[in-house]
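1. give me the fold of what follows.
(one chain, ligands or ions: 1)
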Amino acid sequence: MRILVVEDEAKVAEDIARALSSSGYVPEISDEGEDAWFRGETEDYSAVILDLGLPKLDGISILKRWRSAGVATPVLILTARGSWSERVEGIDAGADDYLSKPFQIEELLARLRAVLRRTAGHAASVIEVREVLFDSRKMQISVNGAPIALSPLEYRAVAYLIHHRGRVVPQHELAEHIYGGDCDRDNNTLEVLIGRLRKKIGVSLIETRRGYGYLVSDEGGNEAPSA
Ligand code: CA
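-> The predicted structure is shown next:
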């Protein structure tokens, strides 16, 4: 999942990006408002972490512009410590959650997971699709109760597909959320990755829709539940 990190303090931005990478996300940093606004409106991100105090264009203005342009990407805002008015303004402008600075990176990750879950309509951090159990908090996939060792790329792919289960995910969209936006990969690379993934987690979970993309279906095929 691609996450846009909008933060002009380089150290904070890098700390967030590092934590996101090691949690299986694909972070991209923007350090000023105009650039952030443009990228948020033209690129496809799973979520945005938005600092409110920014050069060129402040966070609240960016958020208002996105929302009035119909950009529905979940946004978690970073506010100055103790500034309740910033939080109120941010939420009114369309933020999905907030975090006051300074914050613990674990809390940021937990709030991000919650925001991603809510916007995808899941209530719990553990998702079960047939014999596969996906735990976003532990970054773990298990099949029939046995944990499966996945490479970072494999984890990103299966996490994105399970997160968007029930919908056919186009190849270019999946590639962007695995490799990042500025990377042009051909579909072969992706097919090889999906092939490896199927060997590890079973062939039935990820369906290929030729010419469209990949689908993890919610229904569990036509298997009847055991009595
Ligand atoms: Ca700032």
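
2. how many neighbours does the residue in the chain that the ion sits nearest to have?
-> Ranked by Cβ to the ion, the top residue of the chain for proximity to the ion is Gly53, at 3.8 Å. No exception for glycine: its C-beta is placed from N, CA and C like everyone else's. Neighbourhood size, Gly53 [other Cβ atoms under 10 Å]: 16.

3. tell me the secondary structure for Leu133?
-> Under the three-state scheme (DSSP: H, G, I helix; E, B strand; the rest coil), Leu133 adopts strand.

4. so what pairs up with it in the strands?
-> Glu128, Ser142 (DSSP bridges).

5. my read is that it contacts Ile141, right?
-> Yes: with contact defined as Cβ atoms under 8 Å, Leu133 and Ile141 form a contacting pair (7.1 Å).

6. compare those two (neighbour count), which wins?
-> Taking neighbours as other Cβ under 10 Å, Leu133 and Ile141 compare with Ile141 leading, 23 against 19.

7. ok, for the more buried one, nearest residue in space, not its chain neighbours?
-> Ile148 (5.0 Å; Cβ to Cβ, 6 or more residues apart in numbering).

8. what does this structure put close to the ion?
-> Asp8, Asp51, Gly53 (Cβ under 5 Å from the ion).

9. kindly reformat these as TSV containing distance to Ala17.
-> Output for the residues of the chain next to the ion, formatted as TSV (distance: Cβ to Cβ, whole Å):
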residue	distance to Ala17
Asp8	14
Asp51	13
Gly53	18
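
10. Throw those into TSV and include secondary structure, thanks.
-> Conversion of the residues of the chain next to the ion to TSV gives the following (three-state DSSP):
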residue	secondary structure
Asp8	coil
Asp51	strand
Gly53	coil
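
11. which of those residues lies closest to Ala114?
-> Lowest distance from Ala114 to those (Cβ to Cβ) belongs to Asp51, with 19.3 Å.

12. how about the closest one, what does it touch?
-> Neighbour list for Asp51: Val6, Glu7, Asp8, Glu9, Val12, Gly59, Ile77, Leu78 [criterion: Cβ atoms under 8 Å, 6 or more residues apart in numbering].

13. and the residues you listed, which are buried?
-> If you count burial by 16 or more other Cβ atoms under 10 Å, the buried members of these come out as Val6, Glu7, Asp8, Val12, Gly59, Ile77, Leu78.

14. tell me the buried residues in stretch 76-88?
-> Within stretch 76-88, the residues that qualify as buried are Leu76, Ile77, Leu78, Thr79, Glu86, Arg87, counting by 16+ other Cβ under 10 Å.

15. can you check stretch 209-219 too?
-> Those would be Gly213, Tyr214, Leu215, Val216, Ser217, for stretch 209-219 by 16+ other Cβ under 10 Å.

16. again, but for stretch 148-159
-> Under the neighbour-count criterion of 16+ other Cβ under 10 Å, stretch 148-159 has Ile148, Leu150, Leu153, Glu154, Tyr155, Arg156, Ala157, Val158, Ala159 buried.

17. and it, average pLDDT?
-> When pLDDT is averaged along stretch 148-159, the result is 95.

18. run through who's touching that stretch.
-> Residues lying outside stretch 148-159 but in contact with it, judged by Cβ under 8 Å, 6+ apart, are 1, 24-26, 134, 136, 139, 141-142, 174, 177-179, 193-194, 196-197, 200-201, 205-206.

19. in strands, which of those residues appear?
-> When strands are assigned by DSSP state E, the members of these inside them are Val26, Phe134, Ile141, Ser142, Ile206.

20. and the furthest pair within these?
-> Val26 and Ser142 (23.3 Å).

21. when the two are compared, which one has more neighbours?
-> Taking Val26 and Ser142 together and counting by other Cβ under 10 Å, Val26 has the greater number of neighbours (22 against 16).
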